[in-house]
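Engineer: Pasting the sequence and the predicted model now:
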Amino acid sequence: MGGQHNISEDELPYDPAKLERKKDIGIAEFFSVDIRVGVIVGVQDFPEMRKPSYKIEVDFGPIIGKLNTSAQITNYSKDELLLRTVIGTINLGKKKLPTGFISEFLIMGALEPSGKVRLLEAPSGTLPGSAVA
């Protein structure tokens, strides 16, 4: 899924005042990314990872089904995550982590200046599997 982000209360690597704008992409490139609404149906501690993480299972509805990922979102409790509606990018390819765990999608969030993730959510009532455009 690409590189990992850095969490640092001292360096504040994601302070909006430090973030440069990325280069423009075409609309076709944007629409090739499959972003969907899902519901978290499983959360497990992932102590084998170097940084505090969870294993997350998300139901993306009847066509996509359930997919797994890991995420550094331990600023949320497991109870806060379970049954939460989230946004995921599901067509970035699978990534095998050093532990052997296969990450199947990227759970999306806004990064605080320190790098802590604040999960993106869809409005109440949005169906699992709905496309985000």
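Structural biologist: Happy to help now that I have it. Residues are numbered from 1 along each chain as shown.
Engineer: Which residue ranges of this structure form helices?
Structural biologist: In the chain, the helices defined using DSSP state H lie at 27-31, 61-64, 78-81.
Engineer: buried residues in the top strand by length along the chain?
Structural biologist: For the chain, the strand with the greatest residue count under DSSP state E is strand 35-45. Across strand 35-45, burial judged by 16 or more other C-beta atoms under 10 Å covers 35-40, 43. For the C-beta atoms, the positions are set from N, CA and C on the backbone; glycine is no exception.
Engineer: Kindly report the same for stretch 113-129.
Structural biologist: In stretch 113-129, counting by 16+ other C-beta under 10 Å, buried: 113-117, 119-120, 122, 128-129.
Engineer: Likewise for stretch 56-63?
Structural biologist: Using 16+ other C-beta under 10 Å as the test for burial, stretch 56-63 gives 56-60.
Engineer: so where's the protein shaky on pLDDT?
Structural biologist: 1-5, 8 (pLDDT under 70).
Engineer: Geometric centre of it: which residue is closest?
Structural biologist: Residue closest to the mean C-alpha point of the chain, counted by C-alpha atoms, centre = their mean, is Ile107 at 1.4 Å.
Engineer: Pull the contacting residues for that one.
Structural biologist: 56, 58, 69, 71, 73, 86-88, 119 (C-beta atoms under 8 Å, 6 or more residues apart in numbering).
Engineer: and which of those residues is nearest to Glu11?
Structural biologist: Nearest to Glu11 among those, counting by C-beta to C-beta, is Ile73 at 19.6 Å.
Engineer: count of residues packed around the closest one?
Structural biologist: The tally of other residues near Ile73 (other C-beta atoms under 10 Å) stands at 20.
Engineer: quick one, what contacts it?
Structural biologist: Residues in contact with Ile73 (C-beta under 8 Å, 6+ apart) are 53-54, 56, 81, 107, 109, 117, 119.
Engineer: can the residues you listed go into JSON lines with extra columns for distance to Phe101?
Structural biologist: Listed next are these as JSON lines, based on distance: C-beta to C-beta, whole Å:
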{"residue": "Ser53", "distance to Phe101": "10"}
{"residue": "Tyr54", "distance to Phe101": "11"}
{"residue": "Ile56", "distance to Phe101": "11"}
{"residue": "Leu81", "distance to Phe101": "17"}
{"residue": "Ile107", "distance to Phe101": "14"}
{"residue": "Gly109", "distance to Phe101": "20"}
{"residue": "Val117", "distance to Phe101": "18"}
{"residue": "Leu119", "distance to Phe101": "20"}
